[in-house]
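> here is the input, now give the coordinates:
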Amino acid sequence: MKKTKLSNSEARALALRGQLLDGNTNLLPGKDGVLQTIDQLGYVQIDTIAAVKRAHHHTLWTRHRDYDEDQLHDLQASDRLVFEYWGHAMSYLPMSDYRFCLPRMQNFRNPRHAWVSRRLEGCAHLLEPVLERIRNEGPLGAKDFTASEDEKRGTWWDWKPAKFALEFLFWRGDLMISERRNFQKIYDLTERVLPAHVNSTMPTDAEVGRFLVRRALKAGGVAREKDMQGYLQPAGARDSDWQAADPSVIREAIRELIEAGELVALAIEGGGDAVWYALSRSVENPPAIERGPIFLLSPFDNLVIRRQWLERLFGFDYTLECYLPEKKRQYGYFVFPILWGDRFVGRLDPKADRKAKTLIVKNLVFEPGFEVSDEFLTNFRETLTAFARFNGCKKYVFKGGSRNGLKL
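Predicted coordinates for the structure are as follows:
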């Protein structure tokens, strides 16, 4: 296979342009720009951790500084231009991509995953009654379905049966998330949420494969086959119910798109023997990265979440440590990588004290070999100030000696 050679810096530039982090984006103002962002990224992952504002809000704000939460709510609840479903995790997706979720919804008609099957056994009798209540009463949340006093209430792995019934009906496509109220899901019948003009025909395997490959490369700039396999879906065999396409489908899509001239195979400097791919039009028009804005990226940000891709392309080894015992953490609870230009230069562990309206920086660590300059400090102060303001804080402070002697 003929491969086009790219330097590592050229490959990073393609990735950052795809991720809207090259400092040269011209997004529309307001919620139109938010929709542009979601469409370019393909998805924005939803997460519950609230040390600072939740990850999906940070992902959008990082790329679209006039973002506010009402814009995302309106795009989902009023405009019906985005919807919730599984990406590689629960995500906001462009409504125009709805049909490519149908294969996974079909999987849940006859689930293979043992955990899903076991939970379904305990709530199968509730599926029709839950649907009937929503059909008659309108949109409802999990709290509208009460549990008996002797039912054990617990975590994801021990949901009350009615809540699992709601989620399963959502996974299966009978229900959609109509909106979120105080972050709580409100479910309604799909026929009342899905706009009539949206294509809801079941795609073929070939269509799904081409969709996933194009989406991965539009957002990521460059990717290997396994990166595309893990984009917008879990990559592991044990997650088969959540997968839209298996590796053979992705492989065939790559072959077809290369033959059509839409894709080009790459050899990236420092990338070993791995074959990378990019959209032909992006390689023909390579971007240039300006070392201007500093970005504080959520641990669930689209650029950061694919850890192996991140390490291979940017040389940045990142692990989310909030699930570790405190004594085992190296950098902190909810650490934000610091991106400047095409390089990750440090890590910051923030927490918003909402009562005191103060953003607390619990830890700040720079990467080995990075020399802090006056240019960096000026930009970093501006970024921290804006970051604090977005989190509803009037100021930022450093805990203990976390500022590393810098005048911040």
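> A strand includes Leu339, no?
Yes: under DSSP: H, G, I helix; E, B strand; the rest coil, Leu339 falls within a strand.
> name the SS class of the spatially closest residue to it that is not a sequence neighbour, please.
Nearest residue to Leu339, sequence neighbours excluded (CB to CB, 6 or more residues apart in numbering): Phe295, at 4.4 Å. Every residue, glycine included, has its C-beta placed from N, CA and C. Secondary structure assignment for Phe295 (three-state DSSP): strand.
> ditto for Ile186
Counting by three-state DSSP, the backbone at Ile186 sits in strand.
> so it bridges to which residues?
Beta-bridge pairing for Ile186 (DSSP bridges): Gly141, Glu179.
> so it is in contact with Glu179, correct?
Yes: with contact defined as CB atoms under 8 Å, Ile186 and Glu179 form a contacting pair (5.1 Å).
> give me the common contacts of the two.
With contacts taken as CB atoms under 8 Å, 6 or more residues apart in numbering, the residues that reach both Ile186 and Glu179 are Pro139.
> ok, back up a step: any idea how many residues pack against the residue nearest to Leu339?
When neighbours are counted by other CB atoms under 10 Å, Phe295 registers 21.
> repeat for His73
Counted by other CB under 10 Å, the residues lying close to His73 total 15.
> quick check: the gap between it and Phe183.
With the distance defined as CB to CB, to the nearest Å, His73 ends up 11 Å from Phe183.
> and if you look at Asp349?
According to CB to CB, Asp349 and Phe183 sit 23 Å apart.
> just want to know which of these two has more residues nearby.
The neighbour count for Asp349 versus Phe183, taken as other CB under 10 Å, is higher for Asp349 (22 against 9).
> and the more buried one, what are its bridge partners?
Going by DSSP bridges, Asp349 forms beta bridges with Asn363.
> just to check, it is in contact with Ile360?
No: look at Asp349 against Ile360 with CB under 8 Å: they stay out of range, at 9.1 Å.
> surely Pro195 is in a helix?
No: secondary structure of Pro195 (three-state DSSP): coil, not part of a helix.
> spit out the contact partners of Glu382.
The contact partners of Glu382, taken as CB under 8 Å, 6+ apart, are Ile294.
> over to Cys393. Which of the three states is it?
Note that with three-state DSSP, the state of Cys393 is coil.
> hang on, Thr48 packs against Arg54?
Yes: the pair Thr48 / Arg54 is scored as a contact, 6.9 Å apart, by CB under 8 Å.
> identify the contacts common to those two.
The contact sets of Thr48 and Arg54 overlap at Phe183 (CB under 8 Å, 6+ apart).
> which one's more surrounded, those two?
Higher neighbour count among Thr48 and Arg54: Arg54, with 17 against 8, using other CB under 10 Å.
> how many other residues sit next to the nearest residue to Phe316 once chain neighbours are set aside?
Excluding its sequence neighbours, the residue lying closest to Phe316 (CB to CB, 6+ apart) is Phe344, at 4.2 Å. The tally of other residues near Phe344 (other CB under 10 Å) stands at 22.
> and what of Leu296?
As a burial measure, the neighbour count of Leu296 was computed by other CB under 10 Å and equals 23.
> may I ask which helix or strand encompasses Ala386?
Following DSSP states H and E, the helix or strand that holds Ala386 is helix 374-390.
> how does the protein divide into domains?
Domain ranges of the chain: 4-94+203-284, 101-193, 297-398, per automatic domain parsing.
> of the ones you listed, flag the one that's most buried.
For these, average neighbour numbers computed from mean count of other CB atoms under 10 Å are highest in domain 4-94+203-284, which has a mean of 19.
> that one: how far from the chain's middle?
A distance of 9 Å separates the centroid of the chain from that of domain 4-94+203-284, by CA atoms, centre = their mean, to the nearest Å.
> what of stretch 344-353?
The chain centroid and the centroid of stretch 344-353 are separated by 19 Å under CA atoms, centre = their mean.
> go on, stretch 331-346?
Averaging C-alpha coordinates over stretch 331-346 and over its chain gives two centres that are 17 Å apart (CA atoms, centre = their mean).
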